[in-house]
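Following is a predicted model, sequence given first.
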Amino acid sequence: MLAEILQMLRTGADTIFYGDIVVSMAALPGEALREIRDGERGGEAVELCEHALAVKPGHSTARAEELPERAVESRGDASSLAWLGTVRRSQGRYAEASEFYRRALALDPEHLQAWMGVAMLLTLQGNAAAAVPRLRELVAAHPDSVPLRATLGDVHCDLGAYGSAVECYEHVLDGHPEHLGCRLGLARCLSHRPLLALRMRSPRHVLESLEVEEVDPDLLARAAAALLRASPSPLEDPLLLSVLRHALLTDLGVERALTQARRDLCLSPPGDAPELALALTDQCRLNEFAWPVSPEEVARLATAPEWVRAMYGPEGIAPEIVERGRRIPTLTPISGGTSAEVRRLYEANPYPLWRRFSRGAPIDLDQYLRLLTAGEWEPPDFLKRPRLLVAGCGTGRELLSAAWTWHPTAVTGFDLSRTSLAYAQRMAERLDIEVELYQADLLQLDGWERRFDAIVCTGVLHHLDDPLAGWRRLLELLRPGGVMVVGLYSETARHAIVAAQEEVRGMGVPPTPAGIRAARARLGSLPPDHPAAGCAVLRDFYHTSGCRDVLFHVQEHRFTVPRIAAALDELGLTFLAFEADGAVRHLYRTLFGAGTNLAYWEKLEQLYPETFLGMYQFWCRKGDR
Ligand SMILES: C[S@@+](CC[C@H](N)C(=O)[O-])C[C@H]1O[C@@H](n2cnc3c(N)ncnc32)[C@H](O)[C@@H]1O
């Protein structure tokens, strides 16, 4: 647990809430704080942390509230009031939080902690814009304050002002490369606006972030590709080796240049494997050998050195994964028809293959939902430590990310595909996260007596014959008042993908690695105005399993916002919020004001048809009875 707290401290949070524990950064001396964040003095960091705990484990939340109250009574200073404001903020008691911050600022109008608290409070209430002018003034007056500039970065990011956010994060990282919160923020911004990398003063932050274990490297892939395209000698650029090793490259131009570099190495290999060849091998494993191979290369491979052959294979699933998959317990039989076909697809191509996800400050699920609904919905207490089910968990990326982020009491996942589950299990072991995994068909779950407080089901229901029948089955496992996050394909966003699927169907190639390479080659060479050309913007286009999932699926339904509204109605569910990035949420607020309304979301999607290109991903709530 302390490890998690220390991890949270490294993210640059001002106050940590972990169950009944509250750690105030204000209570830690600045020097100690830096050492904790740098991870330099593990043992002493633990002691310091304990020293700063307002409440020890095992105490009730009520006590957590009392302690700062007492501190305020005895000290009555601006810092205590600001801290109390932050405690109230974390409890969703925004009016009280606001009052405490106001009192703190009445005592000390320049109190940074209080101002940052006000900014975060406004952000939580969906009004981050109101915080920007004051934060800017404070940054100008206190240019060396790291938390202040990081907070301004976060507020900009929340408003979708990614350029301004990147400036703040860069500024902090220049002096504090260990600031994980700013690294994560930078990666988030660059994933939305990769070309901002070209405007950065220190693009080395992109390279350095690729090497940080807690940052999802794929968020940086397009920014790195933009930098490489602008580089005078991309093949000598150190960024190239780093991005090849860590992130799936998703840029056709860069892919072509690297395919040529691989071909040159294959046809005229130097005596020893150059570093580039080893990095290319890593990249080709990440994309599952999706790049085109010429007949000349095929002819040379039989006699080529081993390091050359490693850039081309072996394809397919590692025997260790197949063996591990056999040992996953079975919960239900698998139905015939679509379930059997879908299972075959994902046994051969577990999806998505991944190596890292962003590990920021964990946040309780109730807090997270309060944030997502801009404080308009008060989540029930049981969501603080929910029993979580991830239905159709695939290779476990969201399962493990949810387990890491939301502090569930237990996480259960199931899927049709044993190889996917084996991959998930291996990643869980690597990350030391406890999960319970089963092979099961969600259509066969009737009679399972388990109940859950929250269910995650993204990218699954649209692959069923009857998505609503599957959805209904999952709702039987959800407790009254429980929440569910659902991910469904958008009809509006997927025009280019549907055109690409038709193109591939017309080619008549099988969904084998060679067939997938042929399909990619055809789609990648289409003129930009071809209706299917847009499929190359998808990450999935750049790796074999992704291509199979997106272009060769056996069953795919697509939804519209009105169809989602009708489904929610039919199932007796209440819509809570879409998962959307800062720019989209800001756009919605600018166009339609506060709150959330599906009719307005439909309008927004008509205006900006690619808004839900990934998927519609939204939270909904079951009734209390
Ligand atoms: C596109 S993948 C999504 C995986 C994961 N949810 C994610 O978003 O990363 C779809 C997954 O749903 C699973 N699936 C599809 N139909 C299912 C069913 N009837 N029962 C259980 N799992 C199913 C597939 O095996 C596959 O792993």
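Right, received. Where do you want to start?

Surely Ala374 and Leu121 touch.
No: using CB atoms under 8 Å, Ala374 is not in contact with Leu121; the gap is 11.2 Å. Glycine gets a C-beta too; all of them are placed from N, C-alpha and C.

Ranking helices and strands of this protein by mean pLDDT, which lands last?
Ranked by mean pLDDT, DSSP states H and E, the weakest helix or strand in the chain is helix 42-52, scoring a mean of 43.

got any ranges where the stretch 301-450 of the chain has weak pLDDT?
Within the stretch 301-450 of the chain, no stretch has pLDDT under 70.

quick one on the thing from earlier: look at Ala374 and Leu121 and report which has more neighbours.
Leu121 (22 against 18; other CB atoms under 10 Å).

Give the pairing partners of the longest strand along the chain; include direction for each.
Ranked by residue count under DSSP state E, the longest strand found in the chain is strand 478-488. As defined by DSSP bridges, the strand partners of strand 478-488 come to strand 452-458 (parallel), strand 616-622 (antiparallel).

What's the mean pLDDT across the first one?
Looking back up the chat, that one is strand 452-458. For strand 452-458, mean pLDDT rounds to 98.

ok, it near the ligand or not?
Yes: judged by CB under 6 Å from any ligand atom, strand 452-458 comes into contact with the ligand at Thr458.

What lies in contact with that strand?
365, 382-383, 386-393, 398-399, 402, 408, 412, 471, 474, 477-479, 482-487, 615, 617 (CB atoms under 8 Å, 6 or more residues apart in numbering).

So which of the strands paired with strand 478-488 has the densest surroundings on average?
strand 452-458 (a mean of 23; mean count of other CB atoms under 10 Å).

Give me the distance between that strand and the centre of its chain.
Distance of strand 452-458 from its chain centroid, counting by CA atoms, centre = their mean, to the nearest Å, is 17 Å.

Following element in sequence after that strand, please.
helix 467-475 (DSSP states H and E).

I'd like to check the angle between that next one and strand 478-488, please.
Angle of helix 467-475 versus strand 478-488, following axes from the mean of the first three to the mean of the last three CA atoms, to 10 degrees, is 140 degrees.

Can I get helix 467-475 in CSV, CA atoms only?
The C-alpha coordinates for helix 467-475 follow below in CSV (Å, rounded to 0.1, in the frame of the first residue of the first chain):
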residue,chain,number,x,y,z
PRO,A,467,-26.0,-7.0,-28.5
LEU,A,468,-29.0,-6.2,-26.3
ALA,A,469,-29.4,-9.8,-25.2
GLY,A,470,-25.8,-9.8,-24.1
TRP,A,471,-26.2,-6.5,-22.3
ARG,A,472,-29.3,-7.7,-20.5
ARG,A,473,-27.4,-10.8,-19.3
LEU,A,474,-24.6,-8.6,-17.8
LEU,A,475,-27.2,-6.4,-16.1
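
mind checking how far that helix is from the chain centre?
The mean C-alpha position of helix 467-475 is separated from the chain mean by 25 Å, CA atoms, centre = their mean.

Just the buried residues of it, please?
The neighbour-count check on helix 467-475 (16 or more other CB atoms under 10 Å) flags 467, 470-471, 473-475 as buried.

Which residue ranges of the stretch 251-400 of the chain form strands?
387-391 (DSSP state E, counting those that start in this stretch).

Residue numbers of it in contact with the ligand?
Checking the stretch 251-400 of the chain against the ligand by CB under 6 Å from any ligand atom, the hits are 339, 342, 346, 351-352, 392-394, 397-398.

Mind giving me the PyMOL select for those residues, buried ones only?
Applying 16+ other CB under 10 Å to these, the buried members can be selected in PyMOL as follows:
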select buried, resi 339+342+346+351+352+392+393+394+397+398
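
Okay, and Arg149 sits in which element?
Arg149 belongs to helix 146-158, assigned by DSSP H and E.

Show me what the following helix or strand past that helix is in contact with.
Moving toward the C-terminus from helix 146-158, the next helix or strand (DSSP H and E) is helix 162-175. Residues outside helix 162-175 that contact it (CB under 8 Å, 6+ apart) are 139, 146, 149-150, 152-154, 156-157, 179, 182-183, 185-186, 189-190, 192-193, 196, 199-202, 205, 208, 582-583.

Of these, which are in range of the ligand?
Of those, not one also sits near the ligand (CB under 6 Å from any ligand atom).

Name all residues that make contact with the residue nearest to Gln125 when sequence neighbours are not counted.
Spatial nearest neighbour of Gln125, excluding adjacent residues (CB to CB, 6 or more residues apart in numbering): Gly375 at 5.2 Å. By CB under 8 Å, 6+ apart, the contact list for Gly375 reads 92, 94, 124-126.

Recalculate using a threshold of 10 Å.
Gly375 makes contacts with 89, 92-94, 121, 124-126, as judged by CB atoms under 10 Å, 6 or more residues apart in numbering.

For the residues you listed, pick the one with the most neighbours.
Arg89 (25 neighbours).

I figured that one hits Leu124, correct?
Yes: between Arg89 and Leu124 a contact is recorded at 6.9 Å, counting by CB atoms under 10 Å.

overlap in contacts of those two?
By CB under 10 Å, 6+ apart, the residues touching both Arg89 and Leu124 are 97, 367, 370, 375.

ok, which pair from these is furthest apart?
Ala97 and Gln367 (13.0 Å; CB to CB).

Could you check which of these two has the larger neighbour count?
Ala97 (24 against 21).

That one belongs to a helix?
Yes: assessed with DSSP: H, G, I helix; E, B strand; the rest coil, Ala97 lies in a helix.

Next up, the contacts around Arg558.
462, 488-495, 497-498, 616.

Quick check: closest non-adjacent residue to it.
Glu491 (4.0 Å).

can you check Leu576 too?
Nearest residue to Leu576 in three dimensions, chain neighbours excluded: Trp619, at 4.1 Å (CB to CB, 6+ apart).

pretty sure that neighbour is in contact with Val483, am I right?
Yes: the pair Trp619 / Val483 is scored as a contact, 5.8 Å apart, by CB under 10 Å.

Overlap of the contact sets of those two?
With CB under 10 Å, 6+ apart, Trp619 and Val483 have common neighbours 369, 377, 454, 456, 573-574, 576.

Tell me the most packed of the residues you listed, by neighbour count.
Highest count within those by other CB under 10 Å belongs to Val456, 26 neighbours.

residue contacts, the residue nearest to it when sequence neighbours are not counted?
For Val456, ignoring the flanking residues on the chain, the nearest one in space by CB to CB, 6+ apart is Val390 at 4.6 Å. When contacts are counted by CB under 10 Å, 6+ apart, Val390 touches 396-403, 408, 411-415, 424, 435, 437, 452, 454-458, 460, 485.

one step back: Phe559: which of the buried residues of helix 467-475 is nearest?
Looking across these and measuring by CB to CB, the closest to Phe559 is Pro467, at 8.2 Å.

Would you check that that closest one makes contact with His557?
Yes: between Pro467 and His557 there is a contact under CB under 10 Å: 5.5 Å.

Give the residues shared as contacts by these two.
461, 488, 563.

Run a quick neighbour tally on the last one.
Summarising burial for Arg563: neighbours were counted as other CB under 10 Å, giving 16.

do the first one as well
Residues near Leu461, counting by other CB under 10 Å, number 24.

Leaving out the residues flanking it, which one is nearest to it?
Leu461 sits nearest to Pro467 (CB to CB, 6+ apart), 4.1 Å away.

do Pro562 as well
Per CB to CB, 6+ apart, closest to Pro562 is Glu602, 6.4 Å.
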